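**Q** fold the following and give me the result.
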Amino acid sequence: MPAGTHLSLDISTLYLAATLAAALLGAMLLFFWRQEKIAALGWWGAAYILGAASVALWTAGGPELGWELSIAVNAVGFIACGLVWDAARVFHGRPANWIGVIAGPALWIAAVVWLDPIHPEVRMLLGAGIVALYAALTASELWRERRKSLRARWPAIAVPVMHGAVLMLPILLGDMLRPSDAASIGQVWIAAFAAELLFYAVGTVFIIVMLMSERTVSAHKTAASVDPLTGLLNRRGFGEATARMIEREAKAGRPVTVMIFDIDHFKSVNDRFGHAAGDDVLKVFSDVVVNNLRVSDLVGRVGGEEFAALLPCSVEEALFAAERVREAFEASGIKVDDAPLETTVSIGIASGPAKTELEVLMASADTALYQAKRSGRNRVEVAAEQPPSPENGRRMRGGNNPPRADKAAVDRMPEQVHA
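**A** Numbering: from 1, shown residues only. Okay, here's the model as predicted:
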């Protein structure tokens, strides 16, 4: 069998494998799109189906397709490349760019019709350039969405970059080799592209699976760190976020301040009006705190009706912020069955120098909070003493924490005691 025939058979086999793989993967993505209702999966699935149809027609028909049908088949392939780019946009929450999807095929049709008869090399280079551009745009979308670790994202960027590089192979080889070698250049490029197309089809699905897994892990992590009722950080999320802030502020030598909020007589709200009314009070208070603190301040719900905040500022600044929260909550105007509900909050504040640990600050703020409760509620108290040093704080965390006042006992204290 002649060498050329053997090469042609190998290329056809590679294109057939790539076409079948793309079709099966596209069907799988469309199935999961219907199941999971994730729009990007539908875009990726449609791109795979269109791409598989384009490659199948181009491989089966070849020169027998005719001029008009050949242009249309190639345009469908370019649309598939554009859909892959748009799928990356949609997956990361950006709007689809239909103009960008149509621009490549429109450029192809205009150039082929306007330059007819177009030289085969020019036609090949134009098609390769369009697909390489879409691959670069896809890589750019994924690059923009890189997170903390580039190592987790590099395959998503490397696969489309390599795809674009292979598509630019004719241009690179055309500059390096003599024009008389045009036929061999075309054969080398077609063979390389056939092999790379199969890798790209499988590699892109690997990227999709990786991105979906990353999103699922992120969603689970968020669910584990966020209070579902108020949308604030829960105790675990608050601890993790504040540890990062304390470390950052310690490097800059700046103090941090902790506030602990406790809604006054919250148990009586649940007892008198039910837990639905209590939930409404919690949601209103969370909104009050967020609206009266800065974006840079961390806020979390650390207990039933207890909230905490970490502020990168001095205790004087925090005192003003706490008073804003207290006054805003008192004036929130919550009503139950059209009757106004008295809403007040007691707040304890503690501040410490750089590297003061969260547990130490929370213990001091907790003491100040219960002083506010004993002194009549609806007030702000600042810890009387500076928190112990970080070294002492670590010893305290080992099991010698200061005794905490009995919250239930404080809530049972009669009103006249707090007058």
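**Q** low-confidence ranges in the stretch 101-250 of the chain?
**A** Along the stretch 101-250 of the chain, segments meeting pLDDT under 70 span 145-198, 201, 218-220, 222.
**Q** repeat that for 90
**A** 104, 108-228, 231, 236-237, 240, 244, 246-250 (pLDDT under 90).
**Q** need the contact list for E240.
**A** Taking C-beta atoms under 8 Å, 6 or more residues apart in numbering, we find E240 in contact with S225. In this view, the C-beta of every residue, glycine as well, is placed from N, C-alpha and C.
**Q** one more time with 10 Å
**A** E240 is in contact with 221, 224-225, 233, 300, counting by C-beta atoms under 10 Å, 6 or more residues apart in numbering.
**Q** tell me which element it is part of?
**A** Using DSSP states H and E, E240 maps to helix 235-252.
**Q** could you do L310 as well?
**A** Per DSSP H and E: strand 306-311 holds L310.
**Q** sheet partners, orientation included, of that strand?
**A** Using DSSP bridges, strand 306-311 pairs in its sheet with strand 256-263 (antiparallel), strand 298-301 (antiparallel).
**Q** before we move on, back to that, just curious, which of the contacts of E240 is nearest to W33?
**A** The closest of the contacts of E240 to W33 turns out to be K221 (C-beta to C-beta; 24.3 Å).
**Q** the closest one in helix, strand or coil?
**A** Under DSSP: H, G, I helix; E, B strand; the rest coil, the three-state class of K221 is helix.
**Q** so who does it touch?
**A** 237, 240.
**Q** what distance do you get for it to R215?
**A** Plainly put, K221 is 11 Å away from R215 if you go by C-beta to C-beta, to the nearest Å.
**Q** what's the answer for V113, then?
**A** In terms of C-beta to C-beta, V113 sits 43 Å off from R215.
**Q** low-confidence stretches in the stretch 301-419 of the chain?
**A** In the stretch 301-419 of the chain the weaker segments, taking pLDDT under 90 as the threshold, are 303-305, 314, 332-343, 352-359, 384-419.
**Q** at 50 instead, please
**A** Along the stretch 301-419 of the chain, segments meeting pLDDT under 50 span 390-406, 408-410, 412-419.
**Q** any chance you could map the strands in it?
**A** Secondary structure of the stretch 301-419 of the chain by DSSP state E, counting those that start in this stretch: the strands cover 306-311, 335-336, 339-340, 345-352, 380-382.
**Q** I'd like the ones you listed as a markdown table, with distance to F329 appended.
**A** Output for those, formatted as a markdown table (distance: least, C-beta to C-beta, whole Å):
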| stretch | distance to F329 |
| --- | --- |
| strand 306-311 | 11 |
| strand 335-336 | 15 |
| strand 339-340 | 14 |
| strand 345-352 | 5 |
| strand 380-382 | 12 |
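**Q** out of those strands, the one nearest I102 is which?
**A** strand 306-311 (50.1 Å).
**Q** what angle separates that closest one from strand 345-352?
**A** 40 degrees (axes from the mean of the first three to the mean of the last three C-alpha atoms, to 10 degrees).
**Q** show me how far stretch 39-58 is from its chain's centre.
**A** Put simply, stretch 39-58 sits 26 Å off its chain's centre (C-alpha atoms, centre = their mean, to the nearest Å).
**Q** what about R236, how many residues close to it?
**A** Around R236 there are 13 other residues, counting by other C-beta atoms under 10 Å.
**Q** tell me how far stretch 363-372 is from the chain's mean position?
**A** Here stretch 363-372 is found 37 Å from its chain centre; the criterion is C-alpha atoms, centre = their mean.
**Q** pull out the buried positions in that stretch.
**A** Buried residues in stretch 363-372, counted by 16 or more other C-beta atoms under 10 Å: 363-372.
**Q** domain parsing for the chain?
**A** 3-225, 235-418 (automatic domain parsing).
**Q** surely A139 touches A88?
**A** Yes - with contact defined as C-beta atoms under 10 Å, A139 counts as touching A88 (8.8 Å).
**Q** hmm, back to that, of all the buried residues of stretch 363-372, which comes closest to A39?
**A** Distance to A39, by C-beta to C-beta, is smallest for A365 among those, at 45.2 Å.
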